[in-house]
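Asker: sharing a model that was predicted from the sequence below.
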Amino acid sequence: MGSDLNITKQLQDYILKHGLKLHPIQKEIINYNLKLGDVKRMQISISQCQFLHLIIKVSKIKKVLEIGTFTGLSTLSMALALPDDGEIIALDKDKKTNKIAVDFFKKSHQEHKIKTFIKPALETLIKIRNERFDLVFIDADKMNYKKYYQISLELLNNGGLIIIDNVLWHGEVVDKNINDKYTKNIRELNDFISKDKRVEKVIVPFGDGMTVCRKI
């Protein structure tokens, strides 16, 4: 039986070089985030940008819900893949980073596709409960991941996708000696989704790990 490769930095660089090319504003966001210190870890990886872009194109997705926006790299990666009449509803509670994100959206001429809400996501999710989406991307506060997942399933069209970031949690999900509340919460979410018969699912090792669920 074949096994997965151990991805070295050299191999990762090769993969990125031969994959989808980044938009100039995506590069600007990445360079901006590099100056933010440790908080830059909230940014998705380049391989995740490429994956989100392609999956939207392949699945002909038109309406997206994003839970967790940060400075806008994931949002922009998806917006660039959407048709001109596509839409992203992007949720985040941080006014400062949201303003930065919106400035990048305007600079890339994608702001007409993106509607942002600056409130705790659970509050906004109640307000948009009558909306329906083709894809939900979850990358926000980890302790509410299960709530986000459950609500997202209700908002998702049949055959739609939920993509959840950070599900491998720096590899700590498999280390039995690590039992902080965040690691335990991610493990519990992964166990819950693995048994959920409402979805087909796969974990892909892009970035910090992404679970892709298709609503049956």
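Answerer: It's in.

Asker: all helices for the protein, in order.
Answerer: For the chain, helices defined by DSSP state H occupy the ranges 9-17, 24-34, 46-59, 73-81, 95-107, 121-127, 145-155, 181-194.

Asker: so in that sheet, which strands flank the lengthiest strand in the chain, and in what orientation?
Answerer: Scanning the chain for the strand with the most residues, using DSSP state E, yields strand 156-165. Strands that pair with strand 156-165, judged by DSSP bridges, come out as strand 133-138 (parallel), strand 210-215 (antiparallel).

Asker: bridging across strands, which residues link to the residue nearest in space to the middle of the chain?
Answerer: Nearest to the mean C-alpha position of the chain, by Cα atoms, centre = their mean, lies F137 at 4.2 Å. Beta-bridge pairing for F137 (DSSP bridges): E66, I163.

Asker: surely it and L65 touch.
Answerer: Yes: counting by Cβ atoms under 8 Å, F137 does reach L65; the two are 7.4 Å apart. Using the backbone N, CA and C atoms, a C-beta is placed for each residue, glycine as well.

Asker: ok, which of the helices of the chain comes nearest N166?
Answerer: helix 181-194 (6.9 Å; Cβ to Cβ).

Asker: what residues sit buried inside that closest one?
Answerer: Within helix 181-194, the residues that count as buried by 16 or more other Cβ atoms under 10 Å are T183, N185, I186, R187, L189, N190, I193.

Asker: so which elements touch it?
Answerer: Helix 181-194 sits against helix 145-155, strand 199-204, strand 210-215, with contacts defined as 3 or more Cβ pairs under 8 Å, 6 or more residues apart in numbering; DSSP states H and E.

Asker: between the lowest-mean-pLDDT helix or strand in the chain and helix 46-59, how big is the angle?
Answerer: Taking mean pLDDT, DSSP states H and E as the measure, the chain has helix 9-17 as its least confident helix or strand, at a mean of 91. In terms of direction (axes from the mean of the first three to the mean of the last three Cα atoms, to 10 degrees), helix 9-17 departs from helix 46-59 by 40 degrees.

Asker: contacts for helix 9-17?
Answerer: Applying Cβ atoms under 8 Å, 6 or more residues apart in numbering, the contact partners of helix 9-17 are L5, I7, I46, S47, Q50.

Asker: gap between the nearest residue to the third one once chain neighbours are set aside and S45?
Answerer: When you say that, I think you mean I46. Spatial nearest neighbour of I46, excluding adjacent residues (Cβ to Cβ, 6 or more residues apart in numbering): L16 at 5.3 Å. Remark: distance between L16 and S45 (Cβ to Cβ, to the nearest Å) = 9 Å.

Asker: T116 now?
Answerer: Applying Cβ to Cβ, the value for T116 to S45 is 22 Å.
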